[in-house]
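Trainee: Got a sequence here, can you build the structure:
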Amino acid sequence: MTMINTLIVDDEALARRGLQLRLDKYEDVNVVGQCSNGREALTAIPELDPDLVFLDIQMPGIDGFDVVRQLQGDEMPLVVFATAFDQYAIKAFDVHAIDYILKPVDEEHLERALLRAREQLTQKNNASDKQRLLDVIGDITGKAPAEMEKWLEKGEEIVRPYPEKIAIKDAGDITLVPVADIEWVDAAGDYMCLHANDQIHVMRITMKQLEEQLDPGLFQRVHRSTLVNLAQVEKICSHINGEYHLILKGGERLKMSRTYKDKIQKFFN
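Mentor: Numbers count the residues shown, from 1 in each chain. Next comes the predicted model:
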């Protein structure tokens, strides 16, 4: 059961108490506070972060409509207006209230208001869950949420893009090394040595972190401490003792661990 955290705002103490007693009958409604005027409501709503506010329209100073106008934005809860005069109904919906109830509150109208609140909160939660999902996918893929949403609707496979260049910092300088130029990588303690175009670029990064930046369709681990660009592999040589070596186009000879043999060979079948 999803609890609906609810705030009651009314300048009449008897009206607040009466609504509290009625709401106490609903297991999914949790009254988190009461306010006696609009100014208190403007302070309490950001602090208590209610899902739903029963808001009196006619209050001295800041009335219910003014409260809504000043709260429009991310912190806006669902609002049910409470009023003794039904002529406020149209104006209530103009400021996006989900319902309004007439005083004294009767059970039928309260039930209707809570039903609408449940429906709205379900839709709101689903929308925010979807948005969080799109944001995460966007971070991974680098695609805009709108574009990602189209992909999800079509059921298309999400392909993660990988950087074309790796940024390597050295004494305040940053060198951009094209990924396609990296022939192989070997670990040296807490550092990775990237071999590219007869140069060695040193990065302070773990092998796992570096692997996450490189396309696994192009770069594969061949040893616990060695990563190779498959496009640079010219031959795979086997030895009598069962070991394998990779011969790169540049002539470099890399030992391949038995652990990674099957994983690598599938790329050359």
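Trainee: From here on, just use CA atoms for contacts and neighbour counts.
Mentor: Fine.
Trainee: which secondary structure elements does the strand or helix carrying residue 245 contact?
Mentor: Mapping residue 245 onto the secondary structure by DSSP states H and E places it in strand 244-248. Helices and strands touching strand 244-248, by 3 or more Cα pairs under 8 Å, 6 or more residues apart in numbering; DSSP states H and E, are strand 233-238, strand 253-256.
Trainee: What segments of this structure are helices?
Mentor: Counting by DSSP state H, one finds helices in the chain at the ranges 13-23, 38-48, 64-71, 89-94, 107-141, 145-154, 207-213, 258-265.
Trainee: Which of the ones you listed has the lowest mean pLDDT?
Mentor: Of all the helices of the chain, the minimum mean pLDDT falls on helix 145-154 (a mean of 56).
Trainee: where among the helices and strands packed on strand 244-248 is the average confidence lowest?
Mentor: Looking at the helices and strands packed on strand 244-248, the weakest mean confidence is strand 233-238, a mean of 80.
Trainee: Please list the residues outside it that contact it.
Mentor: Under the criterion Cα atoms under 8 Å, 6 or more residues apart in numbering, residues 244-249 lie in contact with strand 233-238.
Trainee: Need the max-distance pair from those.
Mentor: By the measure Cα to Cα, 244 and 249 form the most distant pair in these, at 16.4 Å.
Trainee: Can you tell me which of the contacts of strand 233-238 is closest to residue 230?
Mentor: Comparing these against residue 230 with Cα to Cα picks out residue 248 as the nearest, at 8.8 Å.
Trainee: domain assignment for this structure?
Mentor: The record, using automatic domain parsing to delimit domains, assigns the chain the ranges 4-137, 165-268.
Trainee: Comparing these, which comes out most buried?
Mentor: Among those, domain 4-137 has the highest mean neighbour count (mean count of other Cα atoms under 10 Å), at a mean of 17.
Trainee: Off-centre distance for that domain?
Mentor: Taking the mean of its C-alpha atoms, domain 4-137 sits 27 Å from the chain's own mean (Cα atoms, centre = their mean, to the nearest Å).
Trainee: okay, residue 231: pLDDT?
Mentor: At residue 231 the predicted local confidence, pLDDT, stands at 87.
Trainee: list the contacts for the closest residue in space to it that isn't next to it in sequence?
Mentor: Nearest residue to residue 231, sequence neighbours excluded (Cα to Cα, 6 or more residues apart in numbering): residue 218, at 6.8 Å. With contact set as Cα under 8 Å, 6+ apart, residue 218 has these partners: 229-231.
Trainee: Check residue 9 too.
Mentor: The contact partners of residue 9, by Cα under 8 Å, 6+ apart, come to 16, 34-38, 41, 53-56.
Trainee: same thing with residue 52?
Mentor: Neighbour list for residue 52: 4-7, 77-80, 117 [criterion: Cα under 8 Å, 6+ apart].
Trainee: what do you get if the cut-off is 6 Å, keeping everything else the same?
Mentor: Applying Cα atoms under 6 Å, 6 or more residues apart in numbering to residue 52 gives the contacts 6, 77-79.
Trainee: Specify the beta-bridge partners of it.
Mentor: Each beta-bridge partner of residue 52 is listed here: residue 6, residue 78, as defined by DSSP bridges.
Trainee: Report pLDDT for residue 28.
Mentor: The model's pLDDT for residue 28 equals 95.
Trainee: just checking, it touches residue 6?
Mentor: No: in this structure residue 28 lies outside contact range of residue 6 using Cα atoms under 6 Å: 10.1 Å.
Trainee: Next one: residue 40 relative to residue 169, how far apart?
Mentor: Using Cα to Cα, to the nearest Å, one obtains 53 Å as the distance from residue 40 to residue 169.
Trainee: Sheet-wise, list the partners of the strand holding residue 245 with their directions.
Mentor: Within its sheet, and counting by DSSP bridges, strand 244-248 is paired with strand 233-238 (antiparallel), strand 253-256 (antiparallel).
Trainee: Export those to CSV and append columns for distance to residue 165.
Mentor: As requested, the strands paired with strand 244-248 are arranged in CSV below (distance: least, Cα to Cα, whole Å):
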stretch, distance to residue 165
strand 233-238, 20
strand 253-256, 24
